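Visitor: Starting from these lines, generate the structure:
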Amino acid sequence: MDKNEFLNHKIVQDFISWFIDNYSKLHITLNICSTKYVKGGVNKKVIGFENVIELYNWHSKWIDNGKVIISNDWLSTQSSLSK
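Guide: Prediction:
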């Protein structure tokens with residue numbers, strides 16, 4: 001099955017419609033244990049899918065063209081992924 005076949009399934013279209021109508025109202029509970037990448041873990045309840053991004057917490061670092069890149073939130077990670 002390719003992407004277009006998947007997206008054309010009625011159940012997928014129904015889910016997308018439901019999600020568009022409800023993503024900002026979803027009650028989401030995050031219970032993520034502390035690890036070397038998720039320092040302190042994440043124990044939060046939020047309303048709205050967009051608020052999950054604000055809690056993004058993945059600590060990593062690597063070298064890019066001789067410069068140490070530190071990633072620890074969604075903004076820095078998103079920037080790193082675009083490279």
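Visitor: contacts and neighbour counts: CA atoms only from here.
Guide: Fine.
Visitor: number of nearby residues for Val12?
Guide: The number of residues packed near Val12 is 12, by other C-alpha atoms under 10 Å.
Visitor: got a list of what it touches?
Guide: Contact partners of Val12, counting by C-alpha atoms under 8 Å, 6 or more residues apart in numbering, are Phe6.
Visitor: Would you tell me what helix or strand it is located in?
Guide: Secondary-structure assignment from DSSP states H and E places Val12 in helix 10-22.
Visitor: For that helix, list the C-alpha coordinates in PDB.
Guide: Presented in PDB, the C-alpha positions along helix 10-22 are these (Å, rounded to 0.1, in the frame of the first residue of the first chain):
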ATOM      1  CA  LYS A  10     -12.500   5.900   4.500                       C
ATOM      2  CA  ILE A  11     -11.300   5.100   8.100                       C
ATOM      3  CA  VAL A  12      -8.200   7.300   7.600                       C
ATOM      4  CA  GLN A  13     -10.300  10.100   6.100                       C
ATOM      5  CA  ASP A  14     -12.700   9.900   9.000                       C
ATOM      6  CA  PHE A  15      -9.800  10.000  11.500                       C
ATOM      7  CA  ILE A  16      -8.300  13.000   9.800                       C
ATOM      8  CA  SER A  17     -11.600  14.800   9.900                       C
ATOM      9  CA  TRP A  18     -12.100  13.900  13.600                       C
ATOM     10  CA  PHE A  19      -8.600  15.000  14.400                       C
ATOM     11  CA  ILE A  20      -9.000  18.400  12.700                       C
ATOM     12  CA  ASP A  21     -12.100  19.000  14.700                       C
ATOM     13  CA  ASN A  22     -10.600  17.800  18.000                       C
END
